[in-house]
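S.K.: what would the 3D arrangement of this be:
(chains A and B)
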Protein chains: 2
Amino acid sequence: MEQKSWAKAARQASYALAALTAEERNAALRGIQKALRGHAAEIYAQNELDMAQAQAEQLAGPLLKRLKFDEKKMADVLSGLDSLLRLPDPLGRVTLARELTPGLNLYRVSCPIGVIGVIFESRPDALAQIASLCLKSGNAALLKGGREALRTNRALMAALLEGAAGILPEGWAALLETRDDVNDMLTQDQSIDLIIPRGSNAFVRYIMEHTTIPVMGHAEGLCHTYVDRDADVDMAVKITVDAKTQALAVCNATETLLVHRDIAAAFLPGCARALREKGVEVRGDAEVRAIIDCRAADDQDWDTEYLDAILSIKLVDSLEEAISFINRHGSHHTDAIITNDPAAQRRFLTGVDSAGVYVNCSTRFADGFRYGFGAEVGIATGKLHARGPVGLDGLCTYKYHLIGSGQTVEDTVNGTLKYTHRDL
Amino acid sequence: MEQKSWAKAARQASYALAALTAEERNAALRGIQKALRGHAAEIYAQNELDMAQAQAEQLAGPLLKRLKFDEKKMADVLSGLDSLLRLPDPLGRVTLARELTPGLNLYRVSCPIGVIGVIFESRPDALAQIASLCLKSGNAALLKGGREALRTNRALMAALLEGAAGILPEGWAALLETRDDVNDMLTQDQSIDLIIPRGSNAFVRYIMEHTTIPVMGHAEGLCHTYVDRDADVDMAVKITVDAKTQALAVCNATETLLVHRDIAAAFLPGCARALREKGVEVRGDAEVRAIIDCRAADDQDWDTEYLDAILSIKLVDSLEEAISFINRHGSHHTDAIITNDPAAQRRFLTGVDSAGVYVNCSTRFADGFRYGFGAEVGIATGKLHARGPVGLDGLCTYKYHLIGSGQTVEDTVNGTLKYTHRDL
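M.R.: Here you go, the predicted structure:
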């Protein structure tokens, strides 16, 4: 494939970025803070143009809310940069040190991945957050935001580039603007090391089907909470309400509630009441409807991420049935068990094949900030490289340094040298 | 896509495998050793049939040598199983432990990836090695070997299944036999978590282009050795000879030698002599040929993995030129610098974008056994998940366990709970 100029520039920049010190990368982050402050009025003005067009095009309310970039969003971005500045350097960490044979030492050392392409939704604050995460981890970033946010994104990117000018190599970040750019991105496997698409399952799948570049998908979350026979009923109600209603249009909200048959009569009526007080529509299978009055759930419900005030409920006969239901219908994002039985906790933790497996707490905790990662580029729903909330660590890879003084493999074959494999 | 029965069985088995203890997995490895010993004669007999057919089809000598499965290969397989038995359990390791808020603790715990599909070349010993690595790491394995080795592979797989029967779930390993099976494998993204193809660049690329399943490619190695101006000449000759000749048809052999202009006259004549004594054909650029007599290298040479007794040599003006040549023409596998200058060593380690970056030693060390990993499933040439020699660690992923006592996100928002993010 023809190498695009922005891809080539990012590849070149990635080599220069990898050689910068933590102090230089932090200086660039501070420069970016300053430039964002200096150009704030301009950025808000561009955002107002985006907002006006979005309103004229009658975008839905939640989308408009995410598109808005005002003083509050700016403050969030600046404080995000503050916490990023405080985080330790993710590069150069030695995760293995071993003498292979006397005088020949192996080190596994964290380093940047290289060039990362990120395709994200309409929130313009995501641009600043993702670009700064890539910068802190020494990666070049190719960023494609939502069409609705184009003017805001351009203004933000201009501030980012100005703030880092003279410290970072040219090409360290670039804004891609069109769908054609995205399709070109998918072909640039010589220049791009990783693509991170954030969006629907269908969107992530489209990206995977059209590129040979590794993809770290950030797709849907179909999370479960399972109330075991030995659950504390009050705790189960409290957690269920939080997991469903603390926020609605989020990937870590619980969409399906599984309830052990033995606790259903004690748990369901109070839970349904508490959910209805929060405006949640409850759907249940036939057995649930024998206990509480609710709409019937059909087979589709078990595979639906509502992202809305709807919860489907199903009874199960056993912990094993709950585990296999979750593995079959879930999205391997985050699933919780409520139980006081330690054996059931252990079995659930081992048996559920999800990035987050929780005991006696709300699925809503699945989040990079809440995990203490400082920020996240998204929540990975695949199993390889990084799983769950992806912070700086997930944007790094490693290389092996082998430091010797003339050693050859022939010397180990003829017995001059012997392997010691001694950890240093 | 229609779910194939072997893929479905592997998925089911993967859940049962993840729940086994290290003792149970080791017992299965011992059962496999016993069964291999018990069925040795049968395996050799099937291998003789494969060998006879391969000879009739006039397969090349090196291929025949790799196809052979005799007492020596069996001893290697059995001793490989011994070292695998001695390695610590890769599962259940806690790599992060953090209190999020009092009573709510986060743990990152290593766990199996799930179902791994491996497509490997004609060596039948690879089947036993890969299957046992997958087993030790709790993964189900779908294995497709070379067509030439089919009878041997069937006999080996029968012994493996017999040896592990009663301990491992059915479907923990399966042999795929046809090219159609491989094409089916590529569509089973609901059942297979990772595909590991071992072979040529073209083959690995074909696999990547035809699946949405993550691919950990084990492709070619175009390795460099760079002799810096401050190299010890004798050491440089010794390492170059080892890196080129210690074995020829291997991915970690050096294919291109870069030499700093300032040391060329002192280094090249002796090096060329030593290489020729080992039967190596030397090819050089015009400047090299002004110093030693050799065949001319053309542009193609810099991009060729010879896998043969051929070495191309190029002069460079600087360390920076060497680094950027390696990043442009190499395969990001393993590259070495020979120098006594600490600043040049550091710059090379940072600047070269390869899985292995070596100082003053032979590129031939890039190998799972030599690194002390016990065994390897291959050498990954991508950058994500696992890089370089892939042992047990590379066959694991992790999940987050979050263990609470009724905590909700709402409590952290309303101030009842405060994040502590205290490492445990």
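S.K.: contact partners for the residue of the stretch 101-250 of chain A found nearest chain B?
M.R.: The minimum distance from the stretch 101-250 of chain A to chain B, using CB to the nearest CB, falls at A:Asp242 (3.5 Å). For glycine as for every other residue, the C-beta is placed from the backbone atoms N, C-alpha and C. Shown in contact with A:Asp242 (CB atoms under 8 Å, 6 or more residues apart in numbering or on different chains): A:Ser362, A:Arg364, B:Thr408, B:Val409, B:Glu410.
S.K.: ok, A:Thr363 next?
M.R.: Counting by CB under 8 Å, 6+ apart, A:Thr363 makes contact with A:Cys223, A:His224, A:Thr225, A:Ala243, A:Asn252, A:Ala253, A:Thr254, A:Thr334, A:Asp335, A:Ala336, A:Gly356.
S.K.: so how far is A:Ala355 from the fifth one?
M.R.: In this view, A:Asn252 and A:Ala355 are 10 Å apart by CB to CB, to the nearest Å.
S.K.: what is in contact with these two at once?
M.R.: A:His333, A:Thr334, A:Ala366, A:Ile379.
S.K.: just the element for the residue nearest to A:Val118 when sequence neighbours are not counted, please.
M.R.: Nearest residue to A:Val118, sequence neighbours excluded (CB to CB, 6 or more residues apart in numbering or on different chains): A:Ile196, at 4.7 Å. A:Ile196 belongs to strand A:194-197 when assigned by DSSP states H and E.
S.K.: that strand: what's the following helix or strand?
M.R.: Along the chain past strand A:194-197, the next helix or strand (assigned with DSSP H and E) turns out to be helix A:201-209.
S.K.: how about low-confidence regions in the stretch 101-250 of chain A?
M.R.: Counting by pLDDT under 70, the stretch 101-250 of chain A contains no low-confidence residues.
S.K.: where do the helices sit along it?
M.R.: For the stretch 101-250 of chain A, the helices defined by DSSP state H, counting those that start in this stretch occupy A:124-136, A:150-164, A:179-187, A:201-209, A:233-245.
S.K.: off-centre distance for the next helix or strand after the last one?
M.R.: Think helix A:233-245. Later in the chain than helix A:233-245, the nearest helix or strand by DSSP H and E is strand A:254-260. Here strand A:254-260 is found 24 Å from its chain centre; the criterion is CA atoms, centre = their mean, to the nearest Å.
S.K.: for the stretch 1-150 of chain A, what lies in contact range of chain B?
M.R.: Applying CB under 8 Å from any CB of the partner chain, one finds that the stretch 1-150 of chain A approaches chain B through A:Tyr15, A:Ala18, A:Ala19, A:Arg98, A:Leu100, A:Leu104, A:Leu106, A:Val109, A:Ile113, A:Gly114.
S.K.: just to revisit the earlier point, highest neighbour count among the shared contacts of A:Asn252 and A:Ala355?
M.R.: Most neighbours among the shared contacts of A:Asn252 and A:Ala355, by other CB atoms under 10 Å in any protein chain shown: A:Thr334, with 34 neighbours.
S.K.: could I get the phi/psi values of the spatially closest residue to that residue that is not a sequence neighbour?
M.R.: With CB to CB, 6+ apart as the criterion, A:Thr334 has its nearest non-adjacent residue at 3.6 Å, and that residue is A:Gly356. Dihedral angles of A:Gly356 (phi, psi; degrees, to the nearest 10) stand at phi -120, psi 120.
S.K.: spit out the contact partners of A:Gly356.
M.R.: Here A:Gly356 is in contact with A:Asn252, A:His333, A:Thr334, A:Asp335, A:Thr363, A:Phe365, A:Ala366, A:Gly388, B:Lys399, B:Tyr400, B:Leu402 (CB under 8 Å, 6+ apart).
S.K.: ok, 6 Å please
M.R.: By CB atoms under 6 Å, 6 or more residues apart in numbering or on different chains, A:Gly356 lies in contact with A:Thr334, A:Ala366, A:Gly388, B:Tyr400.
S.K.: tell me what it is bridged to.
M.R.: Beta bridges link A:Gly356 to A:Thr334, B:Tyr400, judged by DSSP bridges.
S.K.: redo the residues of the stretch 1-150 of chain A next to chain B as JSON lines? Include neighbour count.
M.R.: Putting the residues of the stretch 1-150 of chain A next to chain B into JSON lines (neighbours: other CB atoms under 10 Å in any protein chain shown) gives the following:
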{"residue": "A:Tyr15", "neighbour count": "20"}
{"residue": "A:Ala18", "neighbour count": "19"}
{"residue": "A:Ala19", "neighbour count": "14"}
{"residue": "A:Arg98", "neighbour count": "18"}
{"residue": "A:Leu100", "neighbour count": "22"}
{"residue": "A:Leu104", "neighbour count": "26"}
{"residue": "A:Leu106", "neighbour count": "23"}
{"residue": "A:Val109", "neighbour count": "19"}
{"residue": "A:Ile113", "neighbour count": "25"}
{"residue": "A:Gly114", "neighbour count": "23"}
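S.K.: so which of those is the closest to A:Pro342?
M.R.: Using CB to CB, A:Arg98 comes nearest to A:Pro342 of the residues of the stretch 1-150 of chain A next to chain B, at 37.3 Å.
S.K.: report the secondary structure state of that closest one.
M.R.: Following DSSP: H, G, I helix; E, B strand; the rest coil, we place A:Arg98 in the strand state.
S.K.: my guess is it meets A:Leu106, correct?
M.R.: Yes. The pair A:Arg98 / A:Leu106 is scored as a contact, 4.8 Å apart, by CB atoms under 6 Å.
S.K.: pretty sure A:Asp411 contacts A:Tyr419?
M.R.: No. In this structure A:Asp411 lies outside contact range of A:Tyr419 using CB under 6 Å: 10.9 Å.
S.K.: what's the helix or strand for A:Glu24?
M.R.: helix A:22-38.
S.K.: and the next helix or strand past that helix?
M.R.: Next along the chain from helix A:22-38, counting by DSSP H and E, comes helix A:40-56.
S.K.: show me which residues of that next one are buried.
M.R.: A:Ala40, A:Ile43, A:Tyr44, A:Gln46, A:Asn47, A:Asp50, A:Met51, A:Ala54 (16 or more other CB atoms under 10 Å in any protein chain shown).
S.K.: same thing with stretch A:250-264?
M.R.: Residues of stretch A:250-264 classed as buried: A:Cys251, A:Asn252, A:Ala253, A:Thr254, A:Glu255, A:Thr256, A:Leu257, A:Leu258, A:Val259, A:His260, A:Ile263, A:Ala264 (neighbour count, 16+ other CB under 10 Å).
S.K.: quick one: distance of it to the chain centre.
M.R.: Worked out by CA atoms, centre = their mean, stretch A:250-264 lies 23 Å from the chain centre.
S.K.: swap in stretch A:280-289?
M.R.: 31 Å.
S.K.: would a markdown table of the contacts of A:Thr363 with distance to A:Pro124 be doable?
M.R.: Formatted as a markdown table, the contacts of A:Thr363 follow (distance: CB to CB, whole Å):
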| residue | distance to A:Pro124 |
| --- | --- |
| A:Cys223 | 27 |
| A:His224 | 33 |
| A:Thr225 | 33 |
| A:Ala243 | 29 |
| A:Asn252 | 22 |
| A:Ala253 | 24 |
| A:Thr254 | 29 |
| A:Thr334 | 27 |
| A:Asp335 | 32 |
| A:Ala336 | 33 |
| A:Gly356 | 28 |
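S.K.: for the stretch 251-400 of chain A, what lies in contact range of chain B?
M.R.: A:349-350, A:355-362, A:364-365, A:372, A:383-385, A:387-388, A:397, A:399-400 (CB under 6 Å from any CB of the partner chain).
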